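In: Have a look; sequence and predicted model below, questions after that.
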Amino acid sequence: MEGFTLILSLLSGVALFLFGMSLMGDGLKKAAGEKLELILYKLTNTPLKGIMLGMAVTAIIQSSSATTVMVVGFVNAGMMKVAQAIGIIMGANIGTSITGWILCLSYIEGTGGIAQLLSTATISSVVAVVGITFKMFVKKSSYRNIGDIMLGFSILMVGMQTMSSAVSPLKSNEHFVHALTMFSNPFMGILVGILFTAVLQSASASVGIMQALSVTGGITFAAALPITMGIGVGAACPVLLSSIGTNKNGRRTALIYLINDLFGMLFWSVVFYTVNAFVQFEFMGMVMSPIRIALMNTVFRMATIIVLCPFIKTIEKTVFLLIKDSEEDKEDQADFDLLEERFLAYPPLAIAQSHQAMNGMARKVQKNIRYSLELLSEYTEEKFNQIQEKENLIDKYEDKLGSYLMQLTGREMTVAQNTEVSKFLHTLSDFERLGDHASNISKVANELHEKSFDFSKEGRYELDVLESAVSEIVELTVTSFMEDDRRAAAKVEPLRELIGILCDELKLRHIKRLQHGKCELKQGFAFNDLLANLERIGAHCSNVAVAMIELGGFAEFDTHEYIKSMKERKNADYIAYFEEYEEKYDINGYKKVKIKKAKKEDEPKGKKNKQDEGKKKGRRVNKRQGS
């Protein structure tokens, strides 16, 4: 029964410790607002700055895992490169050792004077009183956040004291002392450190618990060193878990954390124990105290980073070798490499480079729209994730190209060059919005899949026709933009108008099916979402085409007359294109097939031929003036 009480007391101390750490970290993040994130991805232009930044942030939030998880998010979002992340992660490995020194305050003992003032009870009490005062009685949010920080700190200290009190009776327990001395076997000690930290999800917590156990006097240097080595590797578990679902650069960043600590464990194990085999260090049997454990943890981590610093480029190459880029990934990076700042001094070259990069963006948009439409008929989780990943990439294209083109507008250019840059700026946001609608369609497909919804056969047929029309308008828009073909661009608006008419017609038909019980209301929202996104895709394609015609300077087109005729009169070419598309994308085909199948058995053969001939004569395309 006594053993059970001891374990329960120890676990309660761990719970308070972890809760205090979490509360303190959250309060610090809130108090800093978005400044921490801003600093993290802006002040990393040199490895030394990155290391110092990682140390500072980790010392503040008390968790190297939390810092690295944040960095993984920045790299995944494209705000930071993998090379920039390496320095921050190295600094985080050192910064996490600061917690051990803070925890040493809880072991200051004494009956009077300065020792009494610095005791855990005094510090925790004062900090807790001030913290709860800020939290409960001050309305200003910044002070309330500081109150959270102070309360978190005091709870952390109380948790540490609870753990120490729980394990203090073990000083005289022979079995426990024997179990700890078994860890003098380096392999066993490293394994314990890895498993222990992987379970707790915090290197700081593991070091804190080891400091609490050290007050028993049963932990020697020989036992503590391998456990400390293993703690770093175990702390990589939450970081690796955070990389699930991220892009390749996000996974590479998480891998850097593991590589750093794995290297430290292997390198110093070989070096230290090889030298010890010949020299026989006398301090191996030295009894560890909380301060000695904090010092050993700091020295080990700093020594590892000092050795690794000259090899930052090698670490970068290693993670890229372990997680290789596909040909498509290399193509994406090649597009961004085109936007070199040195080309800005030569506008013709910069414009050509921008056009190539925008072509890459257009291809990604077209592929994402195609994938999203395929998901509606054949859903796979892999393709859904690909779409979300490419959507992030498309957003990155907009940021990079937008910034580059705006810098280019400040240069001295000819009228033709200014017109070309204006065309790119006009079409850039439309391509980005096309990517957004592809992502929206994929989310509708995900909802249909998860809820096992399906449309009626008639509704499915109509959507297939509409999707075919949308696929063609996207292909027509992308091709005309990439080849700078304004004649092809002139075909976009007639198809856009037809898509709008089809969407309106499909909405009416879907309402009728709902009224007749052929479809259920639960599918109606998804159907309408699809129609809205498909219609908007057509509209943005039209915007790109009109920008090309407006700003293209094509001699055979009078821009204003073209737009006027497009909206009011509709010239002969426009009407011809519209009629061609109207016949091609006929949503009545499903009904015709059903009627044909129903009458197939009853129709006289001679009469059938006459009816077919009548249908051919009667088939015509309505001219929709002013629609």
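Out: Yep, it's here.
In: Buried residues of the lengthiest helix in the chain, list them for me.
Out: If you go by DSSP state H, the chain has its longest helix at helix 415-450. Within helix 415-450, the residues that qualify as buried are 417-418, 420-421, 423-428, 430-446, 448-449, counting by 16 or more other CB atoms under 10 Å. In short, each C-beta sits where N, CA and C put it, glycine included.
In: Taking helix 415-450 as reference, get the angle to the helix or strand containing E458.
Out: With elements taken from DSSP states H and E, the one containing E458 is helix 457-482. For the pair helix 457-482 and helix 415-450, the angle between their directions (axes from the mean of the first three to the mean of the last three CA atoms, to 10 degrees) equals 160 degrees.
In: what helices or strands is the very next helix or strand once past helix 457-482 leaning on?
Out: Following the chain from helix 457-482 toward its C-terminal end, the next helix or strand by DSSP H and E is helix 486-489. Taking 3 or more CB pairs under 8 Å, 6 or more residues apart in numbering; DSSP states H and E as contact, the helices and strands that helix 486-489 lies on are helix 457-482, helix 521-551.
In: Of all these, which one comes closest to L213?
Out: Between L213 and the helices and strands packed on helix 486-489, the shortest gap by CB to CB is with helix 521-551, which sits at 57.1 Å.
In: in the closest one, what counts as buried?
Out: Buried residues in helix 521-551, counting neighbours by 16+ other CB under 10 Å, are found at 523-524, 526-528, 530-531, 533-538, 540-551.
In: need the contact list for T298.
Out: Contacts for T298 (CB atoms under 8 Å, 6 or more residues apart in numbering) come out as 94, 97, 100-101.
In: run the last query once more with 7 Å
Out: The contact partners of T298, by CB atoms under 7 Å, 6 or more residues apart in numbering, come to S97.
In: Looking at the host helix or strand of F74 now, give me its mean pLDDT.
Out: Assigning secondary structure by DSSP H and E places F74 in helix 64-76. Here the mean pLDDT over helix 64-76 is 74, rounded to a whole number.
In: now the host helix or strand of G232: mean pLDDT?
Out: Assignment of secondary structure by DSSP H and E places G232 within helix 221-234. Rounded to a whole number, the mean pLDDT of helix 221-234 is 85.
In: next one: stretch 278-297
Out: Mean pLDDT, stretch 278-297: 84.
In: Tell me which residues of that stretch come out buried.
Out: With burial defined by 16+ other CB under 10 Å, the residues of stretch 278-297 counted as buried are 288-297.
In: out of those, what pair is the most spread apart?
Out: Taking CB to CB as the measure, the buried residues of stretch 278-297 reach their widest spread between S289 and N297, a distance of 12.8 Å.
In: Least confident of the helices and strands packed on helix 486-489, on average?
Out: helix 521-551 (a mean of 85).
In: now the angle from it to helix 415-450?
Out: Helix 521-551 and helix 415-450 are oriented at 170 degrees to each other (the same axes, to 10 degrees).
In: Now do the contacts for the residue lying closest to I219 once chain neighbours are set aside.
Out: Distance criterion CB to CB, 6 or more residues apart in numbering; nearest residue to I219, sequence neighbours excluded, is M288 at 4.8 Å. Under the criterion of CB under 7 Å, 6+ apart, the contact partners of M288 comprise 214, 219-221, 224.
In: Out of the helices and strands packed on helix 486-489, which is closest to T5?
Out: In terms of CB to CB, the element of the helices and strands packed on helix 486-489 nearest to T5 is helix 521-551, at 54.9 Å.
In: Which strands or helices does that closest one pack on?
Out: Packing contacts for helix 521-551, counted by 3 or more CB pairs under 7 Å, 6 or more residues apart in numbering; DSSP states H and E, involve helix 415-450, helix 457-482, helix 486-489, helix 492-515, helix 559-564.
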